[in-house]
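Q: Everything below, folded, please.
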Amino acid sequence: DELARHAALGRRTKTVARRVDVDGMPGVMAWREDGTPLAVMACVVVDDRIVQVDSLLRPERQATIAVAPPAVTSEPADPSTW
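A: Got it, this is the predicted structure:
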């Protein structure tokens, strides 16, 4: 399973994530420590509810999203600041 493989990879490497817009939809993008995109998730929202989550795991699809990776720090991310 591709998603499980990426999740396991994230546990073994430092990753950073931040909220991004994906084709006008709210989402989250994660990068490896070296700045390589790891995953992109876009949320489809209807009536203020998330009704679908789309994941982009293929590197060639991730490369089309022009978002610079955030700096890697030793502090855990605070999702409330996204």
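
Q: Look up which residues are beta-bridged to Arg49.
A: Beta-bridge partners recorded for Arg49 (DSSP bridges): Val46.

Q: pLDDT score assigned to it?
A: Looking at Arg49, its pLDDT is 93.

Q: next one: Thr13
A: For Thr13, pLDDT reads 60.

Q: With His6 instead?
A: For His6, the predicted pLDDT is 58.

Q: Could you grab the helix/strand/coil label for Arg61?
A: On the three-state scheme (DSSP: H, G, I helix; E, B strand; the rest coil), Arg61 is labelled helix.

Q: Please report how far it lies from Asp47.
A: Separation of Arg61 from Asp47 (C-beta to C-beta, to the nearest Å): 28 Å. C-beta coordinates here come from the backbone N, C-alpha and C atoms, glycine included.

Q: which one of those two has more residues nearby?
A: A side-by-side neighbour count of Arg61 and Asp47, using other C-beta atoms under 10 Å, places Arg61 first with 12 against 5.

Q: Which residue, other than its chain neighbours, is closest to the more buried one?
A: Val40 (7.6 Å; C-beta to C-beta, 6 or more residues apart in numbering).

Q: Alright, that wraps it up for me.
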